[in-house]
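**Q** Give me a 3D structure for the following:
(one chain, ligands or ions: 2)
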Amino acid sequence: MNKNKAYYECADIIRARTGMKRFRTAAILGSGLGSVLEGIDKKTVISYAELPDFPLPKVEGHAGNVICGEINGVSVVGFQGRAHLYEGHPPQSLLTPIRTLKMLGVEVLVQTNSAGGLRENLKPGTLAVITDHINFFGNIPLTGENDAAIGPRFFDMTHAYSPELIKIMKRCAAEYCIPLKEGVYAYFMGPNFETPAEIRAMKLLGADLVGMSTVPETLTAVHAGIQVAALSCVTNYGAGISKTPLSHEETLAESKIAGKKMSELIFVKHARGQLKGTPVKIATVINFPHGTGNPAEYMETAKQALESGADELDFVFPYRDWLNGNRTVAVSKLQSMSALRNGRTVLKIILETGELPDLKTVREISDVCLQTGIDFLKTSTGKTPVSASPEATSVFLEAIRDFGHPCGIKPSGGIRDYAVADRYLSMAETAWGKDMISAANFRFGASGLLDNLLGGLSSLHTENTVQQDMKNISVSPPFNNTPH
Ligand SMILES: O=P(O)(O)O[C@@H]1C[C@H](O)[C@@H](CO)O1
Ligand SMILES: Nc1nc2[nH]cnc2c(=O)[nH]1
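**A** Ligands and ions are numbered 1, 2, ... in the order given. Modelled structure (predicted):
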């Protein structure tokens, strides 16, 4: 092999930066889908700009990072975004990322993309596994001199998308209750979306999906002996089928939703797998972080999180609806979330007290939550300038005492040392009585507090409560929105 090829150097850099010698599996995350791997274990992020000859994506929704780590102990290397030929990159430049994977020992490449759907059942929001492709665009990365050490000059494409991987994907989708369709992907170079006539022609030729990527990488990977699986997120109906003009904004908006779904599923499932047989509980945030999510989407997310094994849901109260005078809307959203619970789900409501104008509002919303029968009042997401406060916590304590039925509290956001935590605990002991406080009704948002607590546990008189609370961990979807 020619040692001067940049992909050797790229692989060396990735190995040196991650301390990992070999990667089994790789993923290429297409338009808007880059967040899918954010939450992997032992994460290292390397910008494409640090890797020689790596083509840099110039399109929005393609971050241009290599993200390395582990999922369930399997080493994974992911590309957040890809370069497309319509950006003006020479076709051969797309060899570098895939051959870097080859040098890293990758055996399986999972690609994702955003695509147009050509059949009625491939409507926006659908995920579809690619079974084959149609490529009429001649100038692919493998034109030019062949590197026989990587693969043969002429190579077979009969099973370009591994039937075995397709089977596995379908099985996993069924197990995780993800509706998954399948289809043939037609590759257009872009950057224009197709004409209606092109879409009609592609349908006649047997295509189900249409897009501007994936095929150059599939060809390069198959040539190098890497097995390929590919998943399209349908972001729109193809031109002429769609009733509205096509746009990249639509692609990004739809793929973001699908990406969130993928990530949340992967991480709750992943956490459940890791924690099997332990008493550790799994919580996930919903309608996070601003409480302004689309109800259809977050209800679906919550449903899937529960199906995937989440024990607890931390729902951000739609406080902006409330503050804008739409109290009925806010309450009905809360009630719908509450109704979704199964018998053992713990529902915590994050009021985002730092964003509420006064303590009267904190009390009004607390009362509504209590009447809805929720399990915990929680102060903050940790994403606003003002987070947990003793004043808001005191209102929670009074509201719960006055209500007279069990409900817990969770001061959260900005509690970083146990002296502060201890003050909150003392407040609860004073309001409810020392003997009434336990892990069942008093928690801290512990992500900023944990190390400090571990260091000082022995001197803290609340040891039992805190230790028990540590059995409850929060799983945050990988959207840079870790709850506190
Ligand atoms: O990289 P993918 O295939 O996900 O991106 C698709 C094709 C174009 O780059 C873009 C059009 O909106 O989405
Ligand atoms: N070529 C193509 N690419 C897409 N990416 C997302 N939607 C489409 C589409 O309709 N056509």
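**Q** give the contact list for the closest residue to G190 other than its chain neighbours.
**A** Once flanking residues are discounted, G190 sits nearest to M212: 3.6 Å by C-beta to C-beta, 6 or more residues apart in numbering. The way it works is simple: take the backbone N, C-alpha and C, and place the C-beta from them, glycine included. Applying C-beta atoms under 8 Å, 6 or more residues apart in numbering, we find M212 in contact with 84, 86, 187-191.
**Q** how about those, which pair is most distant?
**A** Largest separation among the contacts of M212 by C-beta to C-beta: Y187 and P191, giving 13.4 Å.
**Q** So between the two, which is more surrounded?
**A** Counted by other C-beta atoms under 10 Å, Y187 and P191 do not tie: Y187 has more neighbours, with 23 against 13.
**Q** Apart from its chain neighbours, what residue comes closest to that one?
**A** Distance criterion C-beta to C-beta, 6+ apart; nearest residue to Y187, sequence neighbours excluded, is V215 at 3.9 Å.
**Q** how close does the one you found sit to P91?
**A** 11 Å (C-beta to C-beta, to the nearest Å).
**Q** In terms of neighbours, single out the busier of those two.
**A** In terms of neighbours (other C-beta under 10 Å), V215 is the more surrounded of V215 and P91; the figures are 26 against 18.
**Q** Correct me if wrong: the more buried one contacts V184.
**A** No - taking contacts as C-beta atoms under 8 Å, V215 lies outside contact range of V184: 11.4 Å.
**Q** and the end-to-end length of stretch 45-61?
**A** Distance between the two ends of stretch 45-61: 17 Å, counting by C-alpha to C-alpha, to the nearest Å.
**Q** residues shared between the contacts of V215 and V184?
**A** Here V215 and V184 share the contacting residues H133, scored by C-beta under 8 Å, 6+ apart.
**Q** What strand or helix carries K21?
**A** Following DSSP states H and E, there is no helix or strand that holds K21.
**Q** sorry, back to before: need the overlap of contacts for V215 and P91.
**A** By C-beta under 8 Å, 6+ apart, the residues touching both V215 and P91 are I140.
**Q** one step back: quick check: which of the contacts of M212 has the minimum pLDDT.
**A** Note: of the contacts of M212, the lowest pLDDT belongs to G190, at 89.
**Q** Do I have it right that that residue meets G88?
**A** No - contact between G190 and G88 fails when scored by C-beta under 8 Å: they sit 11.5 Å apart.
**Q** Let me see the backbone angles for the residue nearest to Y187.
**A** With angles defined as degrees, to the nearest 10, V215 sits at phi -70, psi -40.
**Q** Would you enumerate the residues in contact with it?
**A** Shown in contact with V215 (C-beta under 8 Å, 6+ apart): 133, 135, 137, 140, 185, 187.
**Q** Ranking helices and strands of this structure by mean pLDDT, which lands last?
**A** Within the chain, no helix or strand scores below helix 463-469, which has a mean of 38 by mean pLDDT, DSSP states H and E.
**Q** all helices of this structure, in order?
**A** Along the chain, counting by DSSP state H, helices occupy 6-18, 95-103, 163-175, 196-205, 215-223, 248-275, 295-307, 319-323, 327-339, 359-372, 390-403, 418-432, 450-456, 463-469.
**Q** For the stretch 51-200 of the chain, which residue gets nearest to ligand 2?
**A** Proximity of the stretch 51-200 of the chain to ligand 2 (C-beta to the nearest ligand atom) peaks at G116, 2.3 Å away.
**Q** Quick check, the residue in the stretch 51-200 of the chain closest to ligand 1?
**A** Closest approach between the stretch 51-200 of the chain and ligand 1, counting by C-beta to the nearest ligand atom: N113, at 3.4 Å.
**Q** Identify the bridge partners of that residue.
**A** On the basis of DSSP bridges, N113 is bridged to S232.
**Q** for it, what are its contacts?
**A** Per C-beta under 8 Å, 6+ apart, neighbours of N113: 30-31, 33, 185, 211, 213-214, 230-233.
**Q** ok, now with 7 Å
**A** Neighbouring residues of N113 by C-beta atoms under 7 Å, 6 or more residues apart in numbering: 30, 211, 213-214, 230, 232.
**Q** now H133
**A** Counting by C-beta under 7 Å, 6+ apart, H133 makes contact with 160, 184-185, 187, 215, 218.
**Q** Intersect those with the contacts of ligand 1.
**A** Filtering these for proximity to ligand 1 by C-beta under 6 Å from any ligand atom leaves nothing.
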